[in-house]
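**Student:** I'd like to go over a predicted model; first the sequence, then the structure.
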Amino acid sequence: MELARKKLGVMLSTGLEHPNLETAVGLSQAALARGATVYLYLIDDGVRALADPRIRALPERGAKLFVCAYGCQKRRIPLEDAETITYCGLVVLTDLINGTDRFVALN
């Protein structure tokens, strides 16, 4: 299937120790390599994935990175002043679910 001009949404809600992190990174990298636009949303323990350099590298390849501000606050992760991260809430997640061609939730 041709992925150019397709939109893939990926939500990660599990922490660094969970295999879902590897899946989210691999899926995102593969979709970007095939020309898709990737929207990655980190929520719950998934916000801890900000510490992973592979997640940090995805925006450099064109992915849009969204992070739950409330999830960061609950886990005492400071909000950074970064151009590549959009801190937001569940309204944005709803928009991603509704606005992408495919959406994958890794819980």
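**Tutor:** Here it is on my side, so go on.

**Student:** state the phi and psi torsions of the residue nearest to the spatial centre of the chain.
**Tutor:** When the chain is reduced to its mean C-alpha position, the nearest residue by CA atoms, centre = their mean turns out to be residue 40, at 2.0 Å. Main-chain dihedrals, residue 40, degrees, to the nearest 10: phi -110, psi 130.

**Student:** kindly state the beta-bridge partners for it.
**Tutor:** On the basis of DSSP bridges, residue 40 takes part in beta bridges with residue 10, residue 65.

**Student:** what is the burial count for residue 48?
**Tutor:** Counted with other CB atoms under 10 Å, the burial measure for residue 48 works out to 21 neighbours. Every residue, glycine included, has its C-beta placed from N, CA and C.

**Student:** what backbone torsions are found at it?
**Tutor:** Main-chain dihedrals, residue 48, degrees, to the nearest 10: phi -70, psi -20.

**Student:** need the contact list for it.
**Tutor:** Each residue near residue 48 by CB atoms under 8 Å, 6 or more residues apart in numbering is listed here: 15, 16, 75, 77.
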